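In: Give me coordinates for this.
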Amino acid sequence: MPRGEPFAWQTCRLSSVWETSHGGRAALRFWSRTTIISLTPLSLSDSETPHKIVREQNKLRGDSPERSILARLIMPDQTVEADPLEELHGLAITAGTQVVDELVQRRSTPESSTFFGKGKVEELRLMVERHDADVVIFDNDLSPAQVRNLEKATGVKVLVRTELILDIFAAGARTHESRLAIELAQLEYSLPRLKRMWTHLSRQAMGVGMRGPGEKQLEVDRRLAQKRIFDLKQELGKVERRREQQVAARNEAPTVSIVGYTNAGKSTLMNALTEANVLAKDKLFATLDTRTRRWQLPGWGVVLLSDTVGFIRDLPHSLVASFKSTLEETRQADLLLHVADASSPTVFEQISAVYSVLKELEIEEKNTLLVLNKIDAIQNPAVLNRVLDRYPNAIPVSAMSKKGIGLLEEAVGEALGREFYDIEVDVHPGDGKLLAYLSAKGEVLSREYGEEKVTVHLRIPAGAMGVVRRGAVEIRPAPGSHHACDELSLETSSVSGTAQ
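Out: Numbering: from 1, shown residues only. Now for the predicted structure:
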């Protein structure tokens, strides 16, 4: 790019940044969180140039949000029960853009080159011009070539839903672990699309036997990205192993993990159950890091309750994989509370989307209670009944008003009772290994020392009962326990060997 040519930065909230360096050439640098991605020449009239430059400068300073147009292609096999762009609108607002218009096309198949049909592309171009928009955001997944062609046709940046979600995660990441995870997800998503980012250099002259600077730099950037991806995976692997060890060592109480669609009220429910005062906002992806609090469950005792990142439809695979260590609490939990927004017109789709992510995490078979939240926002009882007809075992609550919380606590106690035994164990005083095993694997509630035995009252996972049966002098249900003696005699454990 000639040094004297006027230019403007195009802003995009991604994990990579394009800078001017090496004699005016753009070079890709990788950071955990940045905003500027590319440098393109201005092709503006003299009267337009000052206005555009001022607007670009304001956006770089954060003085004004980007003006966005939302777009979506709906095909015949897709069921759309509500506003087809409602969720994307919420994502765009969360990302900090100003939504100025929307465009939807119903079409049997996407146009191979521009995704939208020719007429809709022209309509989109005129819409961009009319609103002086900065970016078009699609609710679909477009190919790099389709994005490139649409950018050429409209004259503005084109983003897809995945990029928007990645941006929101990047903006909200607060811990070192979550920043590593989002950087990895963004790099893995961006790597196949680097060529698109370098197309503005294709106009550079190329001599015989000589590649253009864009092509050379593209190879450098790919190597840089691949090296950074490798390093991030190594570092996140270490974090994941540390997290697994921490979770495995924390056996003093049962663990319950709250999962659910973003903005379903998970953090509000955690506050209602534990008075934890964690951040609870009516905002998509307000929570990105796992928080664990002690929950005094009536009739049971202390339970460790964790709240983690919300899920969403079409959550990028790279994002789920990158956040595996952050979701370790969920993977290791004894019970899941799947919180759904019962007042949402897309509640069934949201429930299905959460199950899809749980399946990707390989925990879809884990003991789970479905919690229908926000029932206070439902005006027509038929709406709630429709959901309960499909999920008759679900528990309706309002985390905000705490309506139904007592029923939820009872259900959690019953569910944990199927995973844990509330027992008294008589152990020989000299059996230090078994006493240590009980302390390591269960929640010891009390100990009574006698001359011939130590009586330990504890709650212990069903999977640890095999070792207890082989070493204990006597096992019996604790006072008030719902377990019968014949249940305790059943060999339900897969644990073999002796206590270690």
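In: Verify the contact between residue 468 and residue 474 for me.
Out: No. In this structure, residue 468 is not within contact of residue 474 by CB atoms under 8 Å, at 10.8 Å. Where C-beta positions appear, they are placed from N, C-alpha and C, glycine not excepted.
In: quick one, which of these two is more surrounded?
Out: residue 468 (25 against 10; other CB atoms under 10 Å).
In: So which residues of the stretch 101-250 of the chain form helices?
Out: 118-131, 144-154, 161-172, 176-190, 194-197, 213-249 (DSSP state H, counting those that start in this stretch).
In: sorry, back to before: quick check: neighbours shared by residue 468 and residue 474?
Out: Residues touching both residue 468 and residue 474 (CB atoms under 8 Å, 6 or more residues apart in numbering) are residue 425.
In: rank the helices of the stretch 101-250 of the chain by mean pLDDT and give me the bottom one.
Out: With a mean of 60, helix 194-197 has the lowest mean pLDDT of the helices of the stretch 101-250 of the chain.
In: How is this structure divided into domains?
Out: If you go by automatic domain parsing, the domain ranges for the chain are 7-174, 250-403, 419-488.
In: Of those domains, which is nearest residue 231?
Out: Smallest distance to residue 231 across those (CB to CB): 10.1 Å, for domain 7-174.
In: so where's the stretch 301-450 of the chain shaky on pLDDT?
Out: 322-326 (pLDDT under 70).
In: Which residue, other than its chain neighbours, is closest to the spatially most distant residue from the centre of the chain?
Out: Relative to the centre of the chain, the most outlying C-alpha is that of residue 451, 54.3 Å out, by CA atoms, centre = their mean. Spatially, and ignoring its direct neighbours in sequence, residue 451 is nearest to residue 429 (7.9 Å; CB to CB, 6 or more residues apart in numbering).
In: Near the closest residue to residue 145 other than its chain neighbours, how many other residues are there?
Out: Of all residues not flanking residue 145 in the chain, residue 113 sits nearest, at 7.2 Å (CB to CB, 6+ apart). Residue 113 has 15 neighbours, counted by other CB under 10 Å.
In: Could I get the contacting residues of residue 113?
Out: By CB under 8 Å, 6+ apart, the contact list for residue 113 reads 145-146, 149.
In: Could you give me the ChimeraX syntax to select whichever of those are buried?
Out: Applying 16 or more other CB atoms under 10 Å to the contacts of residue 113, the buried members can be selected in ChimeraX as follows:
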select :146,149
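In: OK, contacts around residue 360?
Out: 317, 320.
In: go with 7 Å
Out: If you count contacts by CB atoms under 7 Å, 6 or more residues apart in numbering, residue 360 has them with residue 320.
In: where's it relative to residue 122, distance?
Out: 39 Å (CB to CB, to the nearest Å).
In: quick one: what helix or strand has residue 358 in it?
Out: Here residue 358 sits within helix 347-360, counting by DSSP states H and E.
In: Show me what counts as buried in that helix.
Out: Those would be 347-351, 353-354, 356-358, for helix 347-360 by 16+ other CB under 10 Å.
In: Also stretch 233-247?
Out: 236, 239-240, 243, 247.
In: for these, which one is nearest residue 401?
Out: Closest to residue 401, out of all of the buried residues of stretch 233-247 and judged by CB to CB, is residue 247, at 32.8 Å.
In: Skipping its backbone neighbours, what lies nearest residue 260 in space?
Out: Spatial nearest neighbour of residue 260, chain neighbours left out: residue 339 (3.6 Å); criterion: CB to CB, 6+ apart.
In: is it true that the one you found touches residue 373?
Out: Yes. If you go by CB atoms under 7 Å, residue 339 and residue 373 touch, sitting 5.2 Å apart.
In: For these two, list the residues in contact with both.
Out: Taking CB under 7 Å, 6+ apart as the contact rule, the neighbours common to residue 339 and residue 373 are 264-265, 269.
In: Now do the same for residue 48: its pLDDT.
Out: 43.
In: next one: residue 281
Out: Per-residue confidence (pLDDT) for residue 281: 56.
In: what does the one 10 residues further on give?
Out: With respect to pLDDT, residue 291 has a value of 79.
In: Tell me how many other residues surround it.
Out: Neighbour number of residue 291 under other CB under 10 Å is 17.
In: try residue 82
Out: For residue 82, using other CB under 10 Å, the count is 11.
In: how near is it to residue 433?
Out: Taken as CB to CB, the span from residue 82 to residue 433 is 59 Å.
In: follow-up on the earlier one: can I assume the residue nearest to residue 451 sits in a helix?
Out: No. Residue 429 is assigned coil when assessed by DSSP: H, G, I helix; E, B strand; the rest coil, not a helix.
In: shouldn't it be in contact with residue 454?
Out: Yes. Judged on CB under 7 Å, residue 429 makes contact with residue 454 at a distance of 5.5 Å.
In: does residue 331 really touch residue 358, like I thought?
Out: No. Judged on CB under 7 Å, residue 331 makes no contact with residue 358 at a distance of 9.7 Å.
In: before we move on, back to that, beyond the helix holding residue 358, next helix or strand please.
Out: Note on helix 347-360: by DSSP H and E, the next helix or strand toward the C-terminus is strand 368-373.
In: Tell me if I am right that residue 447 is in a strand.
Out: Yes. Counting by three-state DSSP, residue 447 falls inside a strand.
In: helix/strand/coil for the residue farthest from the centre of the chain?
Out: Strictly by three-state DSSP, residue 451 counts as coil.
In: JSON lines for the domains of the chain, including distance to residue 220?
Out: Output for the domains of the chain, formatted as JSON lines (distance: least, CB to CB, whole Å):
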{"stretch": "domain 7-174", "distance to residue 220": "8"}
{"stretch": "domain 250-403", "distance to residue 220": "22"}
{"stretch": "domain 419-488", "distance to residue 220": "52"}
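In: Show me which of those domains has the highest average neighbour count.
Out: domain 250-403 (a mean of 19; mean count of other CB atoms under 10 Å).
In: List just the nearest of the buried residues of helix 347-360 to residue 106.
Out: Once CB to CB is applied, the member of these that ends up nearest residue 106 is residue 349, at 18.4 Å.
In: Identify the residues contacting that closest one.
Out: Contacts of residue 349 by CB under 7 Å, 6+ apart are residue 313.
In: And it, how far from residue 82?
Out: Note on residue 349: its distance to residue 82, by CB to CB, is 9 Å.
In: cool, and residue 238?
Out: 43 Å.
In: before we move on, what about residue 142?
Out: The gap separating residue 142 from residue 82 is 23 Å, by CB to CB.
In: what's in contact with stretch 78-92?
Out: Contacts of stretch 78-92 (CB under 7 Å, 6+ apart): 68, 70, 72, 74, 99, 102, 104, 137, 139, 161, 164-165, 168, 284, 345-346.
In: Could you double-check that residue 253 lies in contact with residue 443?
Out: Yes. Checked against CB under 7 Å, the pair residue 253 and residue 443 is within contact range at 5.1 Å.
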